[in-house]
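Participant: 3D, please:
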Amino acid sequence: MENGELKNNRRAATAQVPNIITALVTDYLPTSVKEMKALGWDYVDVVLFSGDAYVDHPSFGAAVIGRTLQAAGYKVAIVPQPNWQDDLRDFKKFGAPRLFFGVSAGAMDSMVNHYTAARRRRSDDAYTPNGRHGARPDYPTIVYSSILRDLFPDTPIVAGGIEASMRRMAHYDYWQNKLRPSLLMDCRADIISYGMGEKVTVELARRLEAGEKISEITDLPQTVVRINDADRWDIADGEIAILDHDIILHSFDSCLKSKQHQAENFKHIEQQSNAMHGKALWQRHGDIWIKVNPMYPPMTTEEIDASFDLPYTRQPHPRYKGKRIPAYEMIRHSVNVHRGCFGGCAFCTISAHQGKFIASRSKESVLREIKKVTEMPDFKGYISDVGGPSANMYRMGGKNLSVCEKCLRPSCLHPKPCPNLNTDHRPLLDLYHAVDAMPGVKKSFIGSGVRYDLSMHRTGDAEIDKANRMYNEELIVRHVSGRLKVAPEHTSDAVLEIMRKPPFTLYHEFSRLFDKVNSQHGLKQQLIPYFISSHPGCHEVDMAELAAETKELNLHLEQVQDFTPTPMTVATEIYYTGYHPYTGKKVFTAISPEEKLAQRKYFFWYDHAYRQDITRSLQRLHRADLLQRLFPAHASYPTRNAVRNSNNDKNNGNNRNRNYSSSTNDRRNNPPKRRK
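Facilitator: As a prediction, this is how the structure comes out:
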């Protein structure tokens, strides 16, 4: 959800400008025995190991879980980015906690964090002081839990965070190019806590404190457990059994033999992840059953307020001595107003982790956090983002919740907005007005991606439609910091259908509105569309047509994204299996590096280095019409200096997969420029 460009944040990471530290070390959860003693503690109940630096902020998972447990009366320590290559002193220093160890890879899957779409190693890490790479291993959940199990064989280990959450079932691993079992089979943790972890972690602590053994806790919502009972279900391999409260999926061994079985499994996994009252999912791995208990119901406003109102310092721990943490720089002056997303985009993991039902904070809670931001010594009056996983879903949901309780649709917007969906933007407008009226706030911006298919949707209700038109205009006039991010993703209706995105004609409509409002108010702002190449269903000719259409919109696409398959998305399942999980039909996907480059090059039609190759390709495709649209006679082209910033991206595809983070929205940077 956060605003800011990654390159600028990387530069900031090494800038010699110290952070202004106003909090005392005792205001944080302890990261050392010395800090623990300073709090007057002789022991801890829980020790959390994280692949991220410790930033005491509600956008960082370890801080959220630690503060939640603290509020429930437990003593919690955090070990950020432990050294797994020395004598393991980081893992030993607190000894065995009274209740359990928690392990997490951090706010991103470690493989997305470490590698590009071309499987090349990244040179930085936004969640590490000064952006330094190498502070966490590949698959930290596996590495950390293995070390702890060897050192403390009798202490329960709980795995959480985005890596464990997205890998809770058998999944395709793009970086190893193979199907892997549930992470609980690969790691030595006792249980996985998936999704947003406040409720489940506190309940788990209470049950362990009451004397239950970790092996006996098999019914806790939002957990994944092993059941050592080979004969638990008498289901013939090759069948999926749908029972009243359980779904027995194809076994892992069956999925290894049949990609169609893997695709069939995923339909149920996605549906149950988005159900208000889901069923337990079972999958056999050899003689062991993996059970995924259903999610908790969506958080109430009171519950989500309680999480965001915890006593965060909103700063990195003083142990970093003023070093810059790029991911923190993105969000230091922003606020998150809701969780969840009902967009259901095929390439996105948000709903699998946070659910599709929106949990919105109260206006009062948001304003309390805004007040804290205005009191930060470096605050200059500008809120960088009042947003969420999507910018404009605040307080939205079903008009009739009894309909939602039965719904298994992964998207409330595709193929068209659900008639039961309340798309009223008035609560969000009211929140914007309240934020802007806060003392010390000069202006608030919207840095999160705006769903224009929501704000442009005509409901037939005159009052709501009027309010939504007002939202669009006010957004453009008052809340754009020069550029507004939107995500049409493609121009081809066939590709957009697989992506679960609206037709590109709706982008044209919003673009005309954007230009009109700018003209009326004397503004010169940019509309920034994002696009993806090599998405399942996308052929080379689709990219050629995208190039021609975006050229006619006077767009030079400099920084773009090649599709990266990440666990727990329908697009990844299509990429791996070749089948659409919902239709069972085969879907083409560009897989080889040559196929991907053949698509990607069309983003850069304006670069002379690509012109000859594109010309040959269009001749091979017998598309003289597109050749004429892209390269008409006597055309002039920008110099290479005008596009030099695109070269690194073209060569290495160095863009992280969008929304693959529970705390920051790692978006593409240096977006397309609109020529005048």
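Participant: ok, which stretches of the stretch 451-600 of the chain are helices?
Facilitator: Here the stretch 451-600 of the chain has its helices, by DSSP state H, counting those that start in this stretch, at 452-455, 462-478, 493-499, 504-520, 540-552, 570-577, 593-600.
Participant: cool, the stretch 51-200 of the chain as well?
Facilitator: Under DSSP H, counting those that start in this stretch, the stretch 51-200 of the chain gives helices at 61-71, 89-92, 110-114, 140-151, 161-166, 183-186, 198-209.
Participant: Mind checking those helices for the one nearest to residue 528?
Facilitator: Among these, helix 110-114 comes nearest to residue 528, with 22.4 Å by C-beta to C-beta. (C-beta placed from N, C-alpha, C; glycine too.)
Participant: what does the closest one contact?
Facilitator: 51, 105-106, 121-122, 125, 127, 133, 136-141, 163, 173-175, 564, 566, 656-657, 660 (C-beta atoms under 8 Å, 6 or more residues apart in numbering).
Participant: again, but for stretch 91-99
Facilitator: Outside stretch 91-99, the residues that touch it by C-beta under 8 Å, 6+ apart are 32-33, 36, 43-47, 49, 74, 77, 79, 82, 84, 144, 147-148, 151-152, 154-156, 205, 208-209.
Participant: rerun that using 7 Å as the cut-off
Facilitator: 32-33, 43-47, 77, 82, 147-148, 151-152, 155, 205, 208-209 (C-beta atoms under 7 Å, 6 or more residues apart in numbering).
Participant: for the protein, what are the low-confidence residue spans?
Facilitator: 1-22, 230, 558-559, 633-676 (pLDDT under 70).
Participant: re earlier: going through the contacts of stretch 91-99, which ones are buried?
Facilitator: Among the contacts of stretch 91-99, the ones that count as buried by 16 or more other C-beta atoms under 10 Å are 44-47, 77, 82, 147-148, 152, 155, 205, 208.
Participant: Now find how far off-centre stretch 525-544 is within its chain.
Facilitator: 20 Å (C-alpha atoms, centre = their mean, to the nearest Å).
Participant: do the same with stretch 364-379
Facilitator: 24 Å.
Participant: then that stretch to CSV, C-alphas only?
Facilitator: The C-alpha atoms that make up stretch 364-379 are tabulated as CSV, following Å, rounded to 0.1, in the frame of the first residue of the first chain:
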residue,chain,number,x,y,z
GLU,A,364,-11.0,7.4,15.3
SER,A,365,-8.3,4.7,15.2
VAL,A,366,-6.9,6.1,11.9
LEU,A,367,-6.9,9.6,13.3
ARG,A,368,-5.0,8.5,16.4
GLU,A,369,-2.3,7.0,14.2
ILE,A,370,-2.2,10.2,12.0
LYS,A,371,-1.7,12.2,15.2
LYS,A,372,1.3,10.0,16.0
VAL,A,373,2.7,10.6,12.5
THR,A,374,2.4,14.3,12.8
GLU,A,375,4.4,14.2,16.1
MET,A,376,7.4,12.5,14.4
PRO,A,377,10.3,14.9,14.3
ASP,A,378,10.9,14.6,10.6
PHE,A,379,7.3,15.0,9.5
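Participant: Would you mind giving the buried ones among the contacts of stretch 91-99 as TSV with distance to residue 518 added?
Facilitator: Shown next, in TSV, are the buried ones among the contacts of stretch 91-99 (distance: C-beta to C-beta, whole Å):
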residue	distance to residue 518
44	55
45	55
46	52
47	53
77	52
82	50
147	56
148	56
152	60
155	60
205	53
208	57
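Participant: which parts of stretch 590-607 are buried?
Facilitator: Residues 590, 596-607 are the ones in stretch 590-607 that count as buried (16+ other C-beta under 10 Å).
Participant: wait, is residue 282 part of a helix?
Facilitator: No. Read with DSSP: H, G, I helix; E, B strand; the rest coil, residue 282 is strand and lies in no helix.
Participant: Verify the contact between it and residue 246 for me.
Facilitator: Yes. With contact defined as C-beta atoms under 7 Å, residue 282 counts as touching residue 246 (6.1 Å).
Participant: Compare these two (neighbour count), which wins?
Facilitator: Between residue 282 and residue 246, counting by other C-beta atoms under 10 Å, residue 282 is the more crowded of the two (20 against 14).
Participant: For the closest residue in space to the more buried one that isn't next to it in sequence, list each beta-bridge partner.
Facilitator: The shortest distance from residue 282 to any non-neighbouring residue, by C-beta to C-beta, 6 or more residues apart in numbering, is to residue 248 (4.8 Å). With DSSP bridges as the criterion, residue 248 is bridged to residue 241, residue 282.
Participant: Setting aside sequence neighbours, what's the nearest residue to residue 333?
Facilitator: residue 384 (4.7 Å).
Participant: Tell me how many other residues surround that neighbour.
Facilitator: 21.
Participant: just the helices in the stretch 301-450 of the chain please.
Facilitator: 301-308, 326-331, 350-354, 363-374, 401-404, 426-436.
Participant: tell me the most buried of these?
Facilitator: Comparing the helices of the stretch 301-450 of the chain by mean neighbour count (mean count of other C-beta atoms under 10 Å), helix 326-331 ranks first with a mean of 26.
Participant: Could you export that one as CSV, keeping only the C-alpha atoms?
Facilitator: The C-alpha trace of helix 326-331 is given here as CSV (Å, rounded to 0.1, in the frame of the first residue of the first chain):
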residue,chain,number,x,y,z
PRO,A,326,14.3,1.1,2.9
ALA,A,327,11.0,-0.7,3.5
TYR,A,328,10.5,1.5,6.5
GLU,A,329,11.3,4.6,4.6
MET,A,330,8.4,3.8,2.2
ILE,A,331,5.8,3.7,4.9
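Participant: helices and strands around it, which ones?
Facilitator: Applying 3 or more C-beta pairs under 7 Å, 6 or more residues apart in numbering; DSSP states H and E, we find helix 326-331 packed against helix 6-13.
Participant: how does it look with 10 Å?
Facilitator: Other helices and strands packing on helix 326-331, by 3 or more C-beta pairs under 10 Å, 6 or more residues apart in numbering; DSSP states H and E, are helix 6-13, strand 55-56, strand 385-387.
Participant: domains of this protein?
Facilitator: Domain segmentation of the chain under automatic domain parsing yields 6-222, 297-312+326-467, 500-676.
Participant: The ones you listed: which one's closest to residue 473?
Facilitator: domain 500-676 (5.4 Å).
Participant: Now do the contacts for the residue nearest to residue 430 when sequence neighbours are not counted.
Facilitator: With C-beta to C-beta, 6+ apart as the criterion, residue 430 has its nearest non-adjacent residue at 7.0 Å, and that residue is residue 363. By C-beta atoms under 10 Å, 6 or more residues apart in numbering, the contact set of residue 363 is 301, 337, 394-395, 427, 430-431, 433-435.
Participant: And stretch 216-229, what's buried?
Facilitator: Applying 16+ other C-beta under 10 Å to stretch 216-229 flags 217, 220-226 as buried.
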